[in-house]
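Novice: okay, here's the prediction I keep looking at, along with the sequence it came from:
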Amino acid sequence: MIHDPLSLERTILETIPMARAMGIGVLDYDGHRIALQAPLAPNVNDKGCAFGGSLASLMTLAAWGLVNLKLAEAGEQAEVFVADSAISYLNPVWDALTAEAAAEPGQDWDQFIADLRARGKARITMMAEVAVAEGGGVACRMFGKFVAKRSA
């Protein structure tokens, strides 16, 4: 069960083989945003920069992880799924990958938890970004709808 950032990292690495191969780790969590990181070497493409699938996976796992942490903080347990997502690739990443995720502006964690408690399922739209190292702007951005559903 996910209780905190360390248990989130453990869960990701123990249950998602691809994440282990990518070398994913939790970099930071402040209660509103989470940052996951991965080294470039196991996530490189044929051009020497970050593979698009690795970027997509890192952003998806960051958003998924934040939803799980917010559920745990509320004392709730549910299965979390990505329902749909859209990704824009804007710039290449030539260094370590760092994805930050947060709820999309205007989304309400309290309402998300209230919906889960009332209906047994809830939706929230998340945003994640990977930045280019040293102030180089945004490399890619994802918007995704995530669903939490109580286990039957």
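Specialist: In hand now; what should we look at?

Novice: off-centre distance for stretch 118-129?
Specialist: 12 Å (Cα atoms, centre = their mean, to the nearest Å).

Novice: buried ones in it, by neighbour count?
Specialist: 122, 124, 125, 126, 127, 128, 129 (16 or more other Cβ atoms under 10 Å). Placement of C-beta: from N, CA and C, glycine included.

Novice: just checking, which of the residues you listed belong to strands?
Specialist: Under the assignment DSSP state E, the buried residues of stretch 118-129 contribute 122, 124, 125, 126, 127, 128, 129 to strands.

Novice: just checking, the first one touches residue 110?
Specialist: No. Using Cβ atoms under 8 Å, residue 122 is not in contact with residue 110, being 10.9 Å away.

Novice: which of the ones in strands among the buried residues of stretch 118-129 lies closest to residue 6?
Specialist: residue 128 (20.5 Å; Cβ to Cβ).

Novice: downstream of the helix ranked longest in the chain, the next helix or strand is which one?
Specialist: What stands out as the longest helix in the chain, according to DSSP state H, is helix 52-73. Sequence order places strand 79-89 as the next helix or strand after helix 52-73, per DSSP states H and E.
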